[in-house]
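Peer 1: Here is my input, please return the structure:
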Amino acid sequence: MSGTLAIVARFVAKAGCEEELRATLLEAAAIALAEEPGCRRFEILQAVNPDGVVLPDTFMSNELFDDYEAVEAHRNSRHAPVRKARIRALVSSQTRIEMGAVIDEV
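Peer 2: Got it, this is the predicted structure:
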């Protein structure tokens with residue numbers, strides 16, 4: 001598949017692991033942006049419910065990649081196994097990851 005791809009992921013931290021998960025996600029974003037040429041954007045977000053209340057245990061990532069090859073390079077980077085293991089150890093519920101083709105960039 002060619003074209004820009006976006007990935008949105010949601011992570012819920014185990015009780016007491018919120019700060020460690022936040023730090024792990026921020027580190028993953030910094031490494032991806034610095035070392036993966038096809039990674040255009042990698043934002044870490046604090047989730048907020050519909051009433052505007054911050055969910056302290058829930059984080060999201062918003063990632064943008066040049067193409068599918070860049071996504072695969074991210075998934076298979078030398079940091080991926082450690083990153084995935086650290087995140088799995090810190091989350092309490094199934095991480096949700098979705099990918100979509102970018103229709104338009106404004």
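Peer 1: Burial check on residue 51, number of neighbours?
Peer 2: Using other C-beta atoms under 10 Å, residue 51 has 5 neighbouring residues. The C-beta positions use only the backbone N, C-alpha and C, and glycine is treated the same way.
Peer 1: measure it to residue 102 for me?
Peer 2: Using C-beta to C-beta, to the nearest Å, we find residue 51 at a distance of 30 Å from residue 102.
Peer 1: got it, and residue 34?
Peer 2: For residue 34, the distance to residue 102 (C-beta to C-beta) stands at 22 Å.
Peer 1: Now do the contacts for the residue positioned nearest the centre of the chain.
Peer 2: With distances taken as C-alpha atoms, centre = their mean, residue 61 lies nearest the centre of the chain, 3.6 Å away. By C-beta atoms under 8 Å, 6 or more residues apart in numbering, residue 61 lies in contact with 7, 8, 9, 11, 25, 29, 42, 43, 44, 45.
Peer 1: Now, those residues that are in helices?
Peer 2: Residues of these located in helices (DSSP state H): 25, 29.
Peer 1: Which stretches in the chain count as strands?
Peer 2: Using DSSP state E, the strands of the chain run over 5-12, 39-48, 54-65, 96-101.
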